[in-house]
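Novice: Just a sequence and a predicted model for now, questions to come.
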Amino acid sequence: MQAQLQAVLAKAAAELPAVLLRPELEAAKARYVGPNGEFTALMKQMGAVPKEERPAVGKLINEAKGRLQVLLDEALARIAAAELAAQLGPTIDPTLPSPDPGPGTRHPLTLVREEMCRILRKVGFSVADGPEVESEYYCFDALSTPADHPARDEKDTFYLPADARFGNVSKKDPAERYLLRTHTSSVQIRTMLRGEPPIRIVSPGRVYRRDTTDATHSANFHQLECLYVDRNVTVRDLKALLDHIFAALLGKDTRTRFRPHYFGYTEPSFEVDLAAAHLPRVNKPWIEIGGCGMVDPEVFAAVGYDPERWTGYAFGMGLERLAMLLYGIDDIRYFYQNDARFLRQFA
Ligand code: DAH
């Protein structure tokens, strides 16, 4: 019996280390310890062993069984390690310099923002900035947005806790609340309070709204705001500038149209639509792109400009929407996922 056990073990020890695949291992296991296995057959002989020899033989069998199990376990571990290595690909040395560090690419929103600012700089606008944490005054009150306007609702605007302190944003009134700006129009007020006309600014930046994220909405997105204040500014100037910048960004076949609308800070006010059938994935004749209008005299009064003397236009638009049109992107969430496969497509 002992010799037979040794023989089976020796065979297993020779065979199992060469097994490289799971099905082969399963087959080998069946050959040794399956119902018709060689080892199983030896164990069945126990019944024929004289009673006094049984303890000794039993011990031998148990030892042999343990050694066989070790051989099977080792084979399985080796196969599992080989499978994992195959999934991980070639081994790398992470201490070596990257073989292809690559220059990286600019984000599509950065590209559109920079291109818009370049177009506007060429016609005399300069870039202005404002804080993303704002007070109600700059975001709403000075822009003639009444206290009961839906945009001010807690459901739509992120307010900061009443005891929050932001040293770099001054409040006009201690009772005012801080919020995350819902539009870049707040920069209009900051710019006008800082100096005298003429003013020509473009202000790109992040804005926040309590929106549920889907293919076209994000609680955090980007806008681009423009303000022009001078003498004798007309709606014609506004339309001409918008026609110019959209043609420059999206191609000369792009057309714009105004639809009457209401904004508290402009009078008259319009929504701006684009027709750009030449762009990829544009399947609507007109696409809404932003809001605009002639600066309301009340807003001039709020910042201490003489409404009799000064006229102006303002507009604001979403940068994501522009980038989606320009590049044929159909889901706003791509912008924020930092997936290199998406980002690498932009020069
Ligand atoms: N602030 C508006 C918005 O977020 C867009 C806008 C409308 C900006 C009219 C303006 C304007 O400057 O004059 O929807």
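Specialist: Cool, the structure landed.
Novice: In contact with residue 318, which residues?
Specialist: By C-beta atoms under 8 Å, 6 or more residues apart in numbering, the contact set of residue 318 is 221, 222, 223, 289, 290. To be clear about C-beta, it is placed using only N, CA and C from the backbone, and glycine gets the same treatment.
Novice: Tell me, how many residues neighbour the second one?
Specialist: So the one you mean is residue 222. Neighbour count for residue 222, taken as other C-beta atoms under 10 Å: 22.
Novice: so where does it fall, helix or strand?
Specialist: Element membership for residue 222, per DSSP states H and E: strand 220-230.
Novice: Point out the other helices and strands that that strand packs with.
Specialist: Counting by 3 or more C-beta pairs under 8 Å, 6 or more residues apart in numbering; DSSP states H and E, the packing neighbours recorded for strand 220-230 are helix 108-122, helix 186-194, strand 199-208, helix 235-250, strand 311-318, helix 319-327.
Novice: Out of these, which gets nearest to the ligand?
Specialist: strand 311-318 (2.8 Å; C-beta to the nearest ligand atom).
Novice: Check the offset of the closest one from the chain's centre.
Specialist: 28 Å (C-alpha atoms, centre = their mean, to the nearest Å).
Novice: wait, does it contact the ligand?
Specialist: Yes - legend: contact between strand 311-318 and the ligand by C-beta under 6 Å from any ligand atom is shown at 314, 315, 316.
Novice: quick one, that strand and strand 199-208 angle?
Specialist: Strand 311-318 and strand 199-208 are oriented at 30 degrees to each other (axes from the mean of the first three to the mean of the last three C-alpha atoms, to 10 degrees).
Novice: Would you check which of the contacts of residue 318 are in contact with the ligand?
Specialist: residue 290.
Novice: Who are the contact partners of the closest residue to residue 233 other than its chain neighbours?
Specialist: Using C-beta to C-beta, 6 or more residues apart in numbering and skipping residues adjacent in sequence, the residue nearest residue 233 is residue 311, 4.2 Å away. By C-beta under 8 Å, 6+ apart, the contact list for residue 311 reads 229, 230, 231, 232, 233, 234, 294, 295.
Novice: what about the fifth one, distance to residue 55?
Specialist: If you measure residue 233 against residue 55 using C-beta to C-beta, to the nearest Å, the figure is 108 Å.
Novice: Neighbour count: those two, which is higher?
Specialist: Neighbours were counted for residue 233 and for residue 55 using other C-beta under 10 Å; residue 233 has more, 18 against 10.
Novice: so the more buried one makes contact with residue 312?
Specialist: Yes - assessed by C-beta atoms under 8 Å, residue 233 is found in contact with residue 312 at 5.3 Å.
Novice: what is in contact with these two at once?
Specialist: residue 294.
Novice: now the end-to-end length of stretch 14-28.
Specialist: 12 Å (C-alpha to C-alpha, to the nearest Å).
Novice: List the buried residues of it.
Specialist: Using 16 or more other C-beta atoms under 10 Å as the test for burial, stretch 14-28 gives 16, 19, 25, 28.
Novice: One more: stretch 266-284?
Specialist: 266, 269, 270, 271, 272, 273, 274, 275, 276, 279, 282.
Novice: quick one: the fourth one is in a strand?
Specialist: Yes - counting by DSSP: H, G, I helix; E, B strand; the rest coil, residue 271 falls inside a strand.
Novice: Report the distance from the strand holding residue 222 to the chain centre.
Specialist: Per C-alpha atoms, centre = their mean, the centroid offset for strand 220-230 relative to its chain is 23 Å.
Novice: swap in stretch 10-29?
Specialist: Using C-alpha atoms, centre = their mean, the distance between the centre of stretch 10-29 and that of its chain works out at 49 Å.
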